[in-house]
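Q: Return atomic coordinates for the entry below.
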Amino acid sequence: FWETKAKKLNSIFEQLQRDRVRKILRFLDLSKSTYCAPFARLCKEVFAARVEANDNAKFLHTLDPWFRKLDQSKWEELPQLFVPMLHIILLVWKNSRCYNTAPRLVVLMWQICNSLIRKAAQFISGSKIFNLMAEEESGEAVEKIKLAVSVCNQFKLTYFEYKTTADAECPSNAWRIPNEAIFGRLDAYLERLHDVHDLTQTVIQLERLEKIEIGGSKGGEQTETLQALYTDFTVALKLVEDLKYDICDIDAPNFSKDYSTFKGTVNNIEIRLGSLLIEAFDLSPCLYSRFQLLQGFDNLLERPNIADCFERRHVVLLEQCIEDLRASRTLFVSQRDYPPIPANLPPIAGAITWSVGVSRRIKDSVRRLSAMPGIIMQREEAQEVIRMEQNIRDSIDEYVMQKIEEWGRDVETTSHAKLKLPLLKKNRDT
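A: Numbering: from 1, shown residues only. Have a look, this model is predicted:
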């Protein structure tokens, strides 16, 4: 822009310097023409604009190679360009006579932000996301969206760092520009990417419905209900896939309405799914089957509506864990002196094997509980479970050490006694 403007103004300036034009100006001046004063003002404006255009073109020319790199580099390589670009912009701000005003900086930052958005559209788009989903590579789609967001945020952070530097080094002409004026469009794009990321995560989580099977007395009926919910979800997702615009395009005006419709359908599915989960949980006969049920739903428990529904069963699950730990403790205390030992193990090894089995049982329950998403581990009952599990494990560890010390204390005497026994025994019948 500035190079083109400077070229045109330089051409006008050269024309005004010609003898023929000077003769016309002298004639207008001698004849006291009314055109003389306006023409003189126009020439003065042209001269000032020419100086500004040449100055701006000279300083902005230093950014040319970096803008070319911005267009040619891979998306993940862009962050290494941000510091040099912002550094040059700061030097231009400090040394240019004309390109050191807020409107000029805003326009330049707009150009960079728009370049980033165009580059991001080449890296990740709605069609690419849906293609990855169709290939069961939804995780890769999520990573690409995160990388797109990360690079854009890295540019903003770099700008804020140099804004701080500009405020310190140029206190009389600091970068006092509202962030919305610079990053309005980029922030809108980031907000769109967050919506698309949420959509992709929703697909990853609700796709599990296709493979979940619920056991128990009403397992068949409940599994059919799950499949019906999954069908409703696929229909809603298909409507989004069939939209006539790119869902990552911030200029698409109908995205908010279409995405809100999709979210409403998903919320309804999640509420129904939460009710189904509670019903299946209540029908599960024991702690192990309940953990198996929750493990089947896995990251679906992270969905807010499902988490809110299941929160009402947190206390029930924790109380059952506490009962299971108490039963394990009672079992250990009652049988530690005379543990059940397999026939193929010696007494000490058999006792240790039995105690390790008890330890594994309690660790498995607490491990499954700790792996659950949400706020369940923040409850006081959960802390009691952890304390009780640690106390039982400490007792078992102490028991194992006692058995090892007992074995170490008696092994020499036992070995000597056994070594004195004959290897062969005479058969008196022969």
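Q: tell me the mean pLDDT for stretch 184-199?
A: Regarding stretch 184-199, the rounded mean pLDDT is 93.
Q: so the closest residue to Leu300 other than its chain neighbours, which of the three states?
A: In space, and not counting its chain neighbours, Leu300 is closest to Gln205: 5.4 Å by Cβ to Cβ, 6 or more residues apart in numbering. No exception for glycine: its C-beta is placed from N, CA and C like everyone else's. The local conformation at Gln205, judged by DSSP: H, G, I helix; E, B strand; the rest coil, is helix.
Q: next one: Glu213
A: coil.
Q: what residue is smack in the middle of this structure?
A: Note on the chain: the residue nearest the mean C-alpha position is Lys146, at 5.5 Å, using Cα atoms, centre = their mean.
Q: Packing partners of the strand or helix carrying that one?
A: According to DSSP states H and E, Lys146 maps onto helix 138-169. Contact here means 3 or more Cβ pairs under 8 Å, 6 or more residues apart in numbering; DSSP states H and E; on that basis helix 138-169 packs against helix 79-95, helix 102-123, helix 126-134, helix 179-206.
Q: Leu317: helix or strand, and which one exactly?
A: Assigned by DSSP H and E, Leu317 falls in helix 314-335.
Q: Which strands or helices does that helix pack on?
A: Right, helix 314-335 is packed against helix 287-297, helix 347-370, helix 380-419 by 3+ Cβ pairs under 8 Å, 6+ apart.
Q: May I see the buried residues of the shortest one?
A: Put plainly, it is helix 287-297. Leu287, Arg290, Phe291, Leu293, Leu294, Gly296, Phe297 (16 or more other Cβ atoms under 10 Å).
Q: Could you check how many residues crowd around the nearest residue to the second one once chain neighbours are set aside?
A: Closest residue to Arg290 in three dimensions, ignoring its sequence neighbours and counting by Cβ to Cβ, 6+ apart: Ser284, at 4.4 Å. For Ser284, the neighbour count with other Cβ atoms under 10 Å is 18.
Q: who touches Val266 in this structure?
A: Thr202, Leu206, Phe233, Ala236 (Cβ atoms under 8 Å, 6 or more residues apart in numbering).
Q: Try it again at 7 Å.
A: Contact analysis of Val266 by Cβ atoms under 7 Å, 6 or more residues apart in numbering lists Thr202, Ala236.
Q: Repeat that for the one 4 residues further on.
A: The contact partners of Glu270, by Cβ under 7 Å, 6+ apart, come to Arg303, Asn305, Ile306.
Q: which one is it nearest to, not counting chain neighbours?
A: Counting by Cβ to Cβ, 6+ apart, Asn305 is the residue found nearest to Glu270 once chain neighbours are left out, at 3.6 Å.
Q: can the buried residues of helix 287-297 go into a markdown table with extra columns for pLDDT and distance to Ser125?
A: Converted to a markdown table, the buried residues of helix 287-297 look like this (pLDDT from 0 to 100; distance: Cβ to Cβ, whole Å):
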| residue | pLDDT | distance to Ser125 |
| --- | --- | --- |
| Leu287 | 82 | 47 |
| Arg290 | 82 | 43 |
| Phe291 | 81 | 41 |
| Leu293 | 82 | 39 |
| Leu294 | 81 | 36 |
| Gly296 | 82 | 34 |
| Phe297 | 80 | 32 |
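Q: In the stretch 251-400 of the chain, where is pLDDT below threshold?
A: 374 (pLDDT under 70).
Q: Mind doing that once more with 90?
A: Within the stretch 251-400 of the chain, the segments meeting pLDDT under 90 span 251-254, 256, 273-329, 331-333, 335-352, 354-356, 358-390, 392-393, 396, 399-400.
Q: Which pLDDT value goes with Ala148?
A: If you check Ala148, the pLDDT there is 94.
Q: okay, now Asp167: neighbour count?
A: Asp167 has 13 nearby residues by other Cβ under 10 Å.
Q: Roughly how far does the closest residue to it other than its chain neighbours sit from Asp410?
A: Spatial nearest neighbour of Asp167, chain neighbours left out: Ala174 (4.2 Å); criterion: Cβ to Cβ, 6+ apart. In this view, Ala174 and Asp410 are 82 Å apart by Cβ to Cβ, to the nearest Å.
Q: Which one's more surrounded, these two?
A: It is Ala174, of Ala174 and Asp410, that has more neighbours when counted by other Cβ under 10 Å, with 15 against 12.
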